[in-house]
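Participant: A structural model of the following input is requested.
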Amino acid sequence: MNPTDRQGATIQLDAVRKQFGDTVALHDITLSAAPGSLVVLLGPSGCGKSTLLRVLAGLEEATGGVVRLGGRDVTGLPPAARGISMVFQSYALFPHLNVAENILFGLRARKVARVERDSRLAGTAAMMGLTPLLERRPGQLSGGQQQRVALARAIVAEAPVCLMDEPLSNLDAKLRAEMRHEIRSLQQRLGLTMVYVTHDQVEAMSMADQVVLMRDGRVEQDATPAELYARPATAFAAGFIGTPPMSLLRLEAAPGGACIAGAPEHAVAPAEAAGALLGLRPEDVAPTDDPGLPATVNSAEFLGAETVLRCAVGSEMVQARIPGHHVMTPGSPIRLRLPPPAHLFDPATGRRLPLPVHAPAFA
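Facilitator: So this is what the prediction gives:
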């Protein structure tokens, strides 16, 4: 199998809607993916990401809108006619077939010639490190090996679009990290257009060219991982992305500017920011010996390379992520150094607000 012979297809969804009775699962989803890109559909359980993938695959019929793959309208076509392959959360391997037979099952069903089947099998098995395991049955494989067989079955189809529905959720943390790297490397090497569903932001941020963050059947933000992290479009995106997530703090009017709710003696933003939510990334907040924002330690969580502090400021809770091991007693006072305001959100709509033009007045 020559990677230069493979090229992914464009994906275009125009106002795609899915309704189950009176329940709207997808609200007019519009998005596109470039050929050879890896797009991650990310969001909490029930946000509609798997439903969207199933509509894209043809496993669910869209209630409205248009699905195009490679510029071709496939909205009314069955899965077999769409030019896709798919990897499911359950590996869906046939226990009575060996590895080779599992990989080739789809090609046999499509009556691909034996010479072509054998050629594809040899190339795919070598690529996935499965050549020594071709005679084994799924019950004789580890979880990671079973996942590779499921991936090989999708790859051997040589479809330009590959869909993955939480394929790593059954693996342990170490194996998940290894498989993330393998899947990304494989996708880039083959030039596939891949749509990958997950609720795990680490998978999304480490693998994707494009992240589509979903919430309640709608697209919350469609952006690169870097943009999603640096400029979240909503308070929901800000709170969903990041480990630990961004602290979202209510701002009130105070002498000299705007303060964190319950701490009126220390202005942390210009007066125009009063009434907004201030977003602070934990890595941008740090303890300081200089005059800073008074706070009280709520907890300190040591994670090996860093310590995550949760500190009460007024009626709000601020998180700080600092390198190394720091032992801090709950209830002890601390002063925090905050960055200039970089993220403000409307508390009513959750949408990102423009930053005040005046220089911040920080304590």
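
Participant: hey, where'd the strands end up in the stretch 51-200 of the chain?
Facilitator: 64-69, 72-73, 84-87, 161-165, 193-198 (DSSP state E, counting those that start in this stretch).

Participant: list the buried ones in the first one?
Facilitator: Right, the one you point to is strand 64-69. Buried residues in strand 64-69, counted by 16 or more other CB atoms under 10 Å: 65, 67, 68, 69. Placement of C-beta: from N, CA and C, glycine included.

Participant: Nearest to residue 167, out of those residues: which one, please.
Facilitator: In terms of CB to CB, no member of these lies closer to residue 167 than residue 69, at 20.2 Å.

Participant: State the pLDDT value of the closest one.
Facilitator: Note on residue 69: pLDDT of 95.

Participant: Enumerate every residue touching it.
Facilitator: 9, 10, 11, 82, 83, 84, 160, 161 (CB atoms under 8 Å, 6 or more residues apart in numbering).

Participant: can you tell which of the strands of the stretch 51-200 of the chain is closest to residue 349?
Facilitator: If we rank those by CB to CB, the stretch that ends up nearest is strand 64-69, at 25.1 Å.

Participant: how far off strand 193-198 does that closest one point, in degrees?
Facilitator: Between strand 64-69 and strand 193-198, the angle comes out at 120 degrees (axes from the mean of the first three to the mean of the last three CA atoms, to 10 degrees).

Participant: Just want the angle from strand 64-69 to strand 161-165.
Facilitator: Put simply, strand 64-69 runs at 120 degrees to strand 161-165, going by the same axes, to 10 degrees.

Participant: Distance-wise, check residue 323 relative to residue 302.
Facilitator: 12 Å (CB to CB, to the nearest Å).

Participant: Next: residue 63.
Facilitator: When distance is defined by CB to CB, residue 63 is 50 Å away from residue 302.

Participant: Which parts of this protein belong to which domain?
Facilitator: Annotated domains of the chain cover 3-235, 240-353 [automatic domain parsing].

Participant: Indicate which one of the strands of the stretch 51-200 of the chain is closest to residue 135.
Facilitator: strand 84-87 (22.6 Å).

Participant: From the chain's centre, how far out is the closest one? Work that out for me.
Facilitator: Centre-to-centre, strand 84-87 and its host chain are 19 Å apart (CA atoms, centre = their mean, to the nearest Å).

Participant: quick one: strands adjacent to that strand?
Facilitator: strand 161-165 (parallel) (DSSP bridges).

Participant: mind listing what's buried in whichever strand or helix holds residue 221?
Facilitator: Under the criterion of DSSP states H and E, residue 221 resides in strand 218-223. Buried residues in strand 218-223, defined by neighbour count with 16+ other CB under 10 Å: 219, 220, 221, 222, 223.
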